[in-house]
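1. Quick one, fold the following:
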Amino acid sequence: MVHININEHEKPIGASIGSKLTINDEIFENLQEIIDRYIMPCNRHVREACNNPKFIVCESTEDLERILREEKNNDGSRIPYRLTIFPNYPQHIVLGYIPKANMIKEYIKVKPRGLYFHDKYHSPSINLINWFKHNCVSKEYVRY
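-> Sure thing, here's the model as predicted:
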């Protein structure tokens, strides 16, 4: 479950809702427009990421780390990685990977425009995975 802060503006006296609604800097005219332009695209991005072969269902960080360590033990030359969702990080997809000895977790923000990761929008999730695989060992990525 995700809570979204919606600010009301231009609310006439006696009206149940303002005639201008904002989420961050985006302006919406009504709740249906929020559903169509904000919630539905975010839901599509999450569904698409959940269908990625690297997505797994985990109950905890420890579960994610256990799975990644098993993969690392099977082939120490690889950098195992997985996508998951934790309920305590709403509107985020978690990317976990083990480049050397320690697991690294990164949080990918789900936004209507795509998956926001390292100051870039990625959509679909395969583009994010490809970008990650290409850049995860670069000095710029590690420094970020």
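
2. Glu106 touches Leu95, doesn't it?
-> Yes - in this structure Glu106 lies within contact range of Leu95 using C-beta atoms under 8 Å: 4.6 Å. (Each C-beta comes from the backbone N, C-alpha and C, glycine too.)

3. helix or strand for Gln32, which one?
-> helix 31-34 (DSSP states H and E).

4. which other helices and strands contact that helix?
-> Judged by 3 or more C-beta pairs under 8 Å, 6 or more residues apart in numbering; DSSP states H and E, helix 31-34 is in contact with strand 20-23.

5. what are the pairing partners of the strand it packs on, and which direction each?
-> In the sheet, strand 20-23 lines up against strand 7-9 (antiparallel), strand 26-28 (antiparallel) (DSSP bridges).

6. Confidence-wise, which of the ones you listed is weakest overall?
-> Ranked on mean pLDDT, the bottom entry among those is strand 7-9, at a mean of 90.

7. Mind putting the strands paired with strand 20-23 into CSV with distance to Asp119 and mean neighbour count?
-> Putting the strands paired with strand 20-23 into CSV (distance: least, C-beta to C-beta, whole Å; neighbours: other C-beta atoms under 10 Å) gives the following:
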stretch, distance to Asp119, mean neighbour count
strand 7-9, 25, 11
strand 26-28, 19, 13
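
8. Reformat the ones you listed as a markdown table; add distance to Glu71.
-> Listed next are those as a markdown table, based on distance: least, C-beta to C-beta, whole Å:
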| stretch | distance to Glu71 |
| --- | --- |
| strand 7-9 | 44 |
| strand 26-28 | 39 |
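
9. which residues are in contact with the helix or strand bottoming out on mean pLDDT in the chain?
-> Lowest on mean pLDDT, DSSP states H and E among the helices and strands of the chain sits helix 139-143, with a mean of 82. Applying C-beta atoms under 8 Å, 6 or more residues apart in numbering, the contact partners of helix 139-143 are His118, Asn135.

10. how distant is it from the center of its chain?
-> Averaging C-alpha positions (C-alpha atoms, centre = their mean, to the nearest Å) puts helix 139-143 20 Å from its chain's average.

11. mind saving the C-alpha coords of it as PDB?
-> Below are the C-alpha coordinates for helix 139-143, written out as PDB (Å, rounded to 0.1, in the frame of the first residue of the first chain):
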ATOM      1  CA  LYS A 139      33.700   4.100 -11.000                       C
ATOM      2  CA  GLU A 140      30.900   6.600 -11.500                       C
ATOM      3  CA  TYR A 141      28.200   4.000 -10.500                       C
ATOM      4  CA  VAL A 142      30.200   2.900  -7.400                       C
ATOM      5  CA  ARG A 143      30.800   6.500  -6.400                       C
END
